[in-house]
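Colleague: sharing a sequence plus its predicted fold:
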Amino acid sequence: MEIAAVKDYELERYITNIMLDVGVPAHLKGYHYLRDAILLSGRDMEVVSSVTKLLYPTIAKRFKTTDQKVERAIRNAIEVSWVRGNADTFEEMFGYSAVSGKTRPTNSEYIARVADKVRLDFKCMDEL
């Protein structure tokens, strides 16, 4: 199933499950910004190569805030999940975790990796 053909709510639900499994707390503003960033990136991977010029401003406009606040909130959500989240899921998804002593992934690395996982998982579902 091509990701463009998937309904937004199905994709959002799938991304939400991944984020909760990784340990992003749902009460943070960054959680909602991050989910939108992954959704937008999953549909068009070009936005990941231009997070500051394209992705953050798009999300900021949608939530009526600034790009700087979006970037900071996403960074905070990733940091919290990195410290408190499921290390096994991080190991599986990124190949490393806080337990292995590595620093957390950058916002764009995190968004790109999760978006890529979503795209690949939906392609695999199509092949079944």
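Modeller: Alright, I've got the coordinates.

Colleague: poorly predicted segments of this structure, please.
Modeller: Where the chain drops to pLDDT under 70, the residues are 1-6, 124-128.

Colleague: and the longest helix seen in it, how far out from the chain middle?
Modeller: Residue-count comparison of every helix in the chain, with assignments taken from DSSP state H, identifies helix 107-127 as the longest. If you compare the mean C-alpha spot of helix 107-127 with that of the full chain, they lie 9 Å apart, counting by CA atoms, centre = their mean, to the nearest Å.

Colleague: packing partners for that helix?
Modeller: Using 3 or more CB pairs under 8 Å, 6 or more residues apart in numbering; DSSP states H and E as the contact definition, the elements that helix 107-127 packs against are helix 8-22, helix 29-43, helix 67-84, helix 87-94. The C-beta positions use only the backbone N, C-alpha and C, and glycine is treated the same way.

Colleague: what does that helix contact?
Modeller: When contacts are defined by CB atoms under 8 Å, 6 or more residues apart in numbering, helix 107-127 is touched by residues 1-3, 6, 11, 14-15, 18-19, 22, 34, 37-38, 41-42, 45, 48, 51, 55, 71, 74-75, 78, 93-94, 104-105.
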